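Novice: with the sequence up front, the predicted model follows.
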Number of protein chains: 2
Amino acid sequence: MPKRVDRHERRRLIADALMRVAARQGLEAVSLRHVATEAGVSPGLVQHYFRTKDEMMAFAMDVVRDRSQARITGAVSRLGEDPPPRHLLRTMLTALLPLTEESRADGRVALAFLAYTAVRPEAAAGTREGTGQLVDFVAGLLPASRRDAAAGVLALMEGLGLYLLGGQYTVEQALAALDTHLDSLYGPADGAPAR
Amino acid sequence: MPKRVDRHERRRLIADALMRVAARQGLEAVSLRHVATEAGVSPGLVQHYFRTKDEMMAFAMDVVRDRSQARITGAVSRLGEDPPPRHLLRTMLTALLPLTEESRADGRVALAFLAYTAVRPEAAAGTREGTGQLVDFVAGLLPASRRDAAAGVLALMEGLGLYLLGGQYTVEQALAALDTHLDSLYGPADGAPAR
DNA sequence: TCTTTTGCGATGCAGTTGCATTGCGAAAGA
DNA sequence: TCTTTCGCAATGCAACTGCATCGCAAAAGA
């Protein structure tokens, strides 16, 4: 066999370039040639690793999902063992919010893909059950009497992310809204962390 | 002067076609020729009423804003005089959620424009202060002790809309999450536990 | 050394894009 | 009736799109 190449790594390289283009100029600016230029490779190489543009898009969407998943597990693992539920939940939620410039870029890409899949339901595959599991997990962190608020917590987080990206809310406003909501879920706050 | 034509009405006709295309196939499919075909007019006419594509997009965004504004005032005006605050708030919020097939289409368009403006901040002009005013208005409907939850209510609504469009939540789940949240703001309606 | 297989660049092509230009018919004022 | 001016269609064009094809170089096995 001739030259061996880590195929998956090359695909990631290209997908990263795609995400940079999408974060800067939107999905409409994502073309084979733009992505190739951004990645510093030839257009032919992009075609070599993705037979079609749809395949490239699908792969990039997976990378976005993996990234946000990694964001959660990373932030959570930085907590100690058995953190208080409220603290754990807040850590997860803030990990998903576009608070830093870097995560804002990711957020813009995720938003672009959201609009993308809203019109191509067949491409939404993985997303569906992902949130389902998240809802269940969040429910386990809430006080027993408030388990039914799990779906609302996630929706609140998503909406705050949207307003953050749109510039309607500042970081402070978004965090304040989040903590206000957590207060109402865990009972009147005094001992609660980070306020 | 020769033939007189209602210029604004023609522009609306074109913008409506644009929104139909965007709702069906996304903003990427919005081109002069597609919109013209959808509107049943010649491409030249579209160019006649919008000198550039950006101008057309900006006009369509205004129409989207007007439509959602009309959705609110329409739903509210269908209430009687001086409705209870919670009822008024719930009516407003459900008017903005993509619950019917028609409002789902509008929601997809709004989502597409959201991703569009996230990458072109200069095009977001009107949106910003719109939400600001809405937050203030919502705050006025909340119990005095919970005024600080206004931003969260709107964010929750936005997030529910997102999940509705994405198919993660059903209409029932979204409404349940909304009512659960309203319960915790206004106090338990009857047997339901709030905090 | 020769052959085969793989990675990848180069080129070409039909279709689409936004936009500028041109021309023409029709309607209103003279 | 003539003329001007507006409403709009038609055509053209350079730039771009995704994708198919071809070809070549390098590396591993023979």
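Specialist: Nice, I can see it.
Novice: per-residue confidence at the residue most central in space within chain A?
Specialist: Chain A has A:S68 as the residue nearest its centroid, 3.9 Å off, counting by CA atoms, centre = their mean. The confidence metric pLDDT takes the value 95 at A:S68.
Novice: nearest residue to it other than its sequence neighbours?
Specialist: Take A:S68 and drop its neighbours on the chain: the residue closest to it by CB to CB, 6 or more residues apart in numbering or on different chains is A:L96, 6.3 Å away. Using the backbone N, CA and C atoms, a C-beta is placed for each residue, glycine as well.
Novice: against A:V46, how distant is the one you found?
Specialist: 30 Å (CB to CB, to the nearest Å).
Novice: check A:G74 too.
Specialist: Taken as CB to CB, the span from A:G74 to A:V46 is 29 Å.
Novice: higher neighbour count, the two?
Specialist: Neighbour count, other CB atoms under 10 Å in any protein chain shown: between A:G74 and A:V46, A:V46 has more, with 24 against 10.
Novice: check whether that one really touches A:G40, as I assumed.
Specialist: No. With contact defined as CB atoms under 8 Å, A:V46 does not reach A:G40; the gap is 11.2 Å.
Novice: which residue ranges make up each domain of chain A?
Specialist: A:1-51, A:61-186 (automatic domain parsing).
Novice: ends of the longest one, what's the gap?
Specialist: Using CA to CA, to the nearest Å, the gap from the first to the last residue of domain A:61-186 comes to 35 Å.
Novice: and DNA strand D, which of the domains of chain A is closest to it?
Specialist: For DNA strand D, the closest of the domains of chain A is domain A:1-51, at 3.2 Å, according to CB to the nearest atom of the strand.
Novice: what residues does chain A have near DNA strand C?
Specialist: Contact residues (CB under 7 Å from any atom of the strand) of chain A with DNA strand C: A:1-5, A:7, A:10, A:41-45, A:47-49.
Novice: need the buried ones from these selected in ChimeraX.
Specialist: To isolate the buried ones among these in ChimeraX, judged by 16 or more other CB atoms under 10 Å in any protein chain shown, type:
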select /A:10,41,49
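Novice: would you mind measuring from A:E9 to chain B?
Specialist: The gap separating A:E9 from chain B is 28 Å, by CB to the nearest CB, to the nearest Å.
Novice: can you count the residues close to that residue?
Specialist: The number of residues packed around A:E9, counting by other CB under 10 Å, is 9.
Novice: that one sits in which helix or strand?
Specialist: helix A:7-25 (DSSP states H and E).
Novice: show me what counts as buried in that helix.
Specialist: Residues of helix A:7-25 classed as buried: A:10-19, A:21-23 (neighbour count, 16+ other CB under 10 Å).
Novice: so what does that helix touch, helix or strand wise?
Specialist: Under the contact definition 3 or more CB pairs under 8 Å, 6 or more residues apart in numbering or on different chains; DSSP states H and E, helix A:7-25 sits against helix A:32-39, helix A:43-49, helix A:53-77, helix A:101-119, helix B:101-119.
Novice: was I right about A:G152 contacting B:A177?
Specialist: Yes. At 4.1 Å, A:G152 counts as touching B:A177 under the criterion of CB under 8 Å.
Novice: tally of neighbours for A:D6?
Specialist: Neighbour number of A:D6 under other CB under 10 Å is 9.
Novice: one more: A:G126?
Specialist: Number of residues near A:G126 (other CB under 10 Å) recorded here: 11.
Novice: next, A:S31: phi, psi?
Specialist: Dihedral pair for A:S31: phi -130, psi 160, per degrees, to the nearest 10.
Novice: and it, how far is that from A:L18?
Specialist: Going from A:S31 to A:L18 by CB to CB gives 10 Å.
Novice: do the same with A:H8
Specialist: 15 Å.
Novice: same deal with A:R108?
Specialist: In terms of CB to CB, A:R108 sits 13 Å off from A:L18.
Novice: quick check: A:L160 touching A:Q168?
Specialist: No. At 9.8 Å, A:L160 and A:Q168 do not qualify as touching, with contact defined as CB under 8 Å.
Novice: so which of these two has more stuff around it?
Specialist: Between A:L160 and A:Q168, A:L160 has the larger neighbour count (other CB under 10 Å), namely 32 against 24.
Novice: what's the helix or strand for that one?
Specialist: Counting by DSSP H and E, the element that carries A:L160 is helix A:150-166.
Novice: can you state the direction angle for the lowest-mean-pLDDT helix or strand in chain A and helix A:53-77?
Specialist: Ranking every helix and strand in chain A by mean pLDDT, DSSP states H and E puts helix A:125-141 at the bottom, with a mean of 91. Compare the direction of helix A:125-141 with that of helix A:53-77 by axes from the mean of the first three to the mean of the last three CA atoms, to 10 degrees and you get 20 degrees.
Novice: picking that back up, the residue nearest to the centre of chain A touches A:L97, doesn't it?
Specialist: No. A:S68 lies out of contact with A:L97 (CB under 8 Å); the separation is 10.8 Å.
Novice: and A:R4, what element?
Specialist: Counting by DSSP H and E, there is no helix or strand that carries A:R4.
Novice: fine, thanks again, bye for now.
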